[in-house]
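> Okay, here's the prediction I keep looking at, along with the sequence it came from:
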Amino acid sequence: MRLKKVRKSSSDKIFLNISTVILVLAMFVVLVPLLNIVAASFSNPVAVSNGKVWIWPVDFSLSSYQNVIKYEAVWLGYRNTIFYTVVGTIMNVIVTLFCAFPISQRRFAGRKFVNKMLFITMVFSGGMIPNYLLVKQLHMLNTVWAILIPGLVTAYNVTITRSYIETNIPQELEEAARVDGCSPLQFFSKFVIPLSKPIIAVITMYYAVSHWNEYFNAFLYLINKELYPLQTFLRDILINSKLDGSMVDDPEIAAMMQAQSEALKYSVIVVATLPLMCVYPLVQKHFVKGVMVGSVKG
Amino acid sequence: MFQKKIGNLKKTLKRDWQYWLLLALPLTYLIIFKYYPMLGAQIAFRDYSVRDGIWGSEWVGLKYFIKFFKSYQFTRVVGNTLILSLYYQFVSNIFPIIFALIFNCVEKERLKKVVQTIVTLPHFISTVVLVGILMQILNSRTGLYGIAMEAITGEYPSDIFAKAGNFRHIYTWSGVWQNFGWSSIIYIAALSGVDTNLHEAAQIDGASRLQRVWHIDLPHITPTIVILMLMDLGKIMTVGFEKVFLLQNNLNRSTSELISTYVYEIGLVQSNYSYSTAIGLFNSVINLILVLTMNAVARRVSETSLF
């Protein structure tokens, strides 16, 4: 028996309309700054520096994008970041699975010990200088390893992977496989990995985003600009305003260059953020799933 | 007895060796990159010099801790850290809850999908780009803030980044802008679990939608709110270093110098490794105590905890 839907009172209708309006407003609050950046990046640099651009391009122009294309640091950074993201994420995911599988198995005698070891790294760390000294001691300063290795595994990702395996791959399956002569390694490769695809997708994306957005390790450990990831270059361009323009005597051209370098910042932001913004709506549901898995007690 | 133990160990090793084989890489990593630096933190109690190294430098006990407690920077950096994180945590906890409750009331499914995608998007913008966006948008001449103020008041405002008092607001509200959508996901999911019978019964009794939000929806997510807030309180002495560091300039240092940025300043700019490590260690120990306390409280009040 189903209850007939109660008709909405007029005050409820008002409340619903207000809720809808607030929702749409919240969306615009998020959207307007982003639109402003995109609009400015497609506007004439002079219009931008005169403060004419709201959320629609003024004097449509691609000149700042032409400047980005000529700006080698951005592309060098792009290339390096893609390298760090791809190689780093593959390493992260493999090692995370190696760590999560054994501690998800109830028959493994060392699981409590390894769990404790992971837990301690979650609540305590040596600190900035001891880490720096370690990287220096290992002669990794100014090499790609300084970017790839120090963040190899995060305890949080191991924990969500472990709890996924624990809840989704029944212990009985392991027992049955074992009776049929399947060793733990075979069980891992033949059952656990294929059955863990959803969580592998989640941690892959978590690790990939953190590589893509990472700048501080590069800032600490790298001197050679050839190795800089995109974000480190972006910091120079956007925040420290270090644009390499030669000195010009003519004030008019100087003002023009100043305007162009300001406009360039907008297009750099767009170019650097676009890939993530395009991919995100496609993979959104995996991220949302990740939040849910993460919120389950570890 | 001892031999029996050895025998047991042999037996479990024989049974479990393949697990240990898989763990070889992750455990090596943990020992070298997580545990060795913890030993390295002993330079907080030594006068570190490059020549003598971590184990050979002269032992000075609590010298650097006392130096920090006595320095005029102590109250400043600890105070700044506490004020910033309390302010941020308060604001950044409230908005996702309100948003989720309102989101849950709206029945237009397609609109909701679009809104949710858009409001969660900024979460993935990198810290560097976020600060870059802030500097463009809040520019007092060319930014949206500047031209909007000019349109309203008729003159351009003063530089918003130049006043130390603005730092906390910029940090907090940009954080809300970036993360409220993402943080609301967990509440929205929890709200989808509300028993519809409760709503129908309340409706028959004449409860308005607003009353049902207050008496049904909100109590339903209260345990989640309490847990997440307690977890956040455990992190009160750790404020995301990167964003503060990027927003910091010489004009706002009086409010933006936090424990973590001070650790960086002393350690890597002034190269005083021991002093910097001592400040960092002081911070880590306080964090540890706070996290464990809050976790214990969470376990008490709701029988769930993070670990």
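Yep, it's here.
> Residue in chain A with the shortest distance to chain B?
A:G126 (2.8 Å; C-beta to the nearest C-beta). For the C-beta atoms, the positions are set from N, CA and C on the backbone; glycine is no exception.
> Now do the contacts for the closest residue to that residue other than its chain neighbours.
Once flanking residues are discounted, A:G126 sits nearest to B:P37: 2.8 Å by C-beta to C-beta, 6 or more residues apart in numbering or on different chains. For B:P37, the contact set (C-beta atoms under 8 Å, 6 or more residues apart in numbering or on different chains) comprises A:S125, A:G126, A:G127, A:P130, A:N131, A:L133, A:L134.
> Going by residue numbers, what spans are strands in chain B?
Listed in chain order, the strands of chain B (DSSP state E) span B:46-47, B:58-59.
> Out of those, which is the most enclosed?
Greatest average neighbour count among these goes to strand B:46-47 (a mean of 19), per mean count of other C-beta atoms under 10 Å in any protein chain shown.
> and the longest helix for the chain?
This is for chain A. The longest helix of chain A (DSSP state H) is helix A:251-295.
> that's the wrong chain, I meant chain B
helix B:73-105.
> Check which helices and strands that one sits against.
With contacts defined as 3 or more C-beta pairs under 8 Å, 6 or more residues apart in numbering or on different chains; DSSP states H and E, helix B:73-105 has these neighbours: helix A:10-41, helix B:109-120, helix B:167-191, helix B:218-234, helix B:253-256, helix B:259-264.
> looking at the ones you listed, which is buried most?
Comparing the helices and strands packed on helix B:73-105 by mean neighbour count (mean count of other C-beta under 10 Å), helix B:259-264 comes out on top with a mean of 22.
> Check whether that helix comes into contact with chain A.
Yes. Contact between helix B:259-264 and chain A, assessed by C-beta under 8 Å from any C-beta of the partner chain, occurs at B:V263, B:Y264.
> and chain B, what are its domains?
Domain ranges of chain B: B:2-59, B:63-302, per automatic domain parsing.
> just chain A next, same as before
By the assignment in automatic domain parsing, chain A contains the domains A:30-61, A:62-298.
> Now render those domains as JSON lines, adding distance to B:Q248 and mean pLDDT.
Shown next, in JSON lines, are these (distance: least, C-beta to C-beta, whole Å; pLDDT from 0 to 100):
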{"stretch": "domain A:30-61", "distance to B:Q248": "22", "mean pLDDT": "91"}
{"stretch": "domain A:62-298", "distance to B:Q248": "10", "mean pLDDT": "89"}
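> can you pull the contacts of B:G143?
Each residue near B:G143 by C-beta under 8 Å, 6+ apart is listed here: A:G51, B:Q136, B:I137.
> quick one, whichever strand or helix holds A:N67 and helix A:10-41 angle?
Element membership of A:N67, judged by DSSP states H and E, is helix A:63-70. Counting by axes from the mean of the first three to the mean of the last three C-alpha atoms, to 10 degrees, helix A:63-70 lies at 60 degrees to helix A:10-41.
> And chain B, is helix A:63-70 touching that?
No. Using C-beta under 8 Å from any C-beta, helix A:63-70 stays clear of chain B, with a minimum separation of 12.4 Å.
> just checking, next helix/strand downstream of that helix?
Counting by DSSP H and E, the next helix or strand C-terminal to helix A:63-70 is helix A:72-104.
> How about stretch A:269-281 and chain B, any contact?
Yes. Counting by C-beta under 8 Å from any C-beta, chain B has neighbours in stretch A:269-281: A:I269, A:A272, A:T273, A:L276, A:M277, A:Y280, A:P281.
> got those as a markdown table, with distance to A:K8 and neighbour count columns?
Converted to a markdown table, the residues of stretch A:269-281 next to chain B look like this (distance: C-beta to C-beta, whole Å; neighbours: other C-beta atoms under 10 Å in any protein chain shown):
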| residue | distance to A:K8 | neighbour count |
| --- | --- | --- |
| A:I269 | 44 | 25 |
| A:A272 | 47 | 27 |
| A:T273 | 42 | 25 |
| A:L276 | 40 | 17 |
| A:M277 | 38 | 14 |
| A:Y280 | 35 | 17 |
| A:P281 | 32 | 14 |
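> Mind checking the strands of chain B for the one nearest to B:F245?
Among the strands of chain B, strand B:46-47 comes nearest to B:F245, with 27.1 Å by C-beta to C-beta.
> what's next to that closest one, contact-wise?
In this structure, residues lying in contact with strand B:46-47 by C-beta under 8 Å, 6+ apart are B:I54, B:S57, B:E58, B:W59, B:V60, B:K63, B:S274.
> how about 10 Å then?
Under the criterion C-beta atoms under 10 Å, 6 or more residues apart in numbering or on different chains, residues B:52-61, B:63-64, B:273-275, B:277-278 lie in contact with strand B:46-47.
> Parallel or antiparallel, list what pairs with it.
Strand pairing for strand B:46-47, using DSSP bridges, gives strand B:58-59 (antiparallel).
> got a list of contacts for the strand it pairs with?
Here strand B:58-59 makes contact (C-beta under 10 Å, 6+ apart) with B:Q42, B:F45, B:R46, B:D47, B:Y48, B:S49, B:D52, B:S274.
> As CSV, the residues you listed with pLDDT would be great.
As requested, the contacts of strand B:58-59 are arranged in CSV below (pLDDT from 0 to 100):
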residue, pLDDT
B:Q42, 95
B:F45, 96
B:R46, 95
B:D47, 94
B:Y48, 94
B:S49, 91
B:D52, 90
B:S274, 96
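> for those, which one is nearest B:Y145?
Checking those against B:Y145 by C-beta to C-beta gives B:S274 as the nearest, at 43.4 Å.
> which non-adjacent residue is nearest the closest one?
In this structure, B:S274 finds its nearest non-sequential neighbour in B:Y48, 4.4 Å apart by C-beta to C-beta, 6+ apart.
> I'd say that neighbour and B:K63 touch.
No. Applying C-beta atoms under 10 Å, one finds B:Y48 not in contact with B:K63, separated by 11.8 Å.
> and the two? which has more neighbours close in?
More neighbours surround B:Y48 than the other of B:Y48 and B:K63, with 25 against 16 (other C-beta atoms under 10 Å in any protein chain shown).
> Run through the residues that contact that one.
Each residue near B:Y48 by C-beta under 10 Å, 6+ apart is listed here: A:129, A:133, B:40, B:42, B:54, B:56-58, B:60, B:64, B:272-277.
> Let's verify A:K52: helix, strand, or coil?
Of the three states, A:K52 takes coil under DSSP: H, G, I helix; E, B strand; the rest coil.
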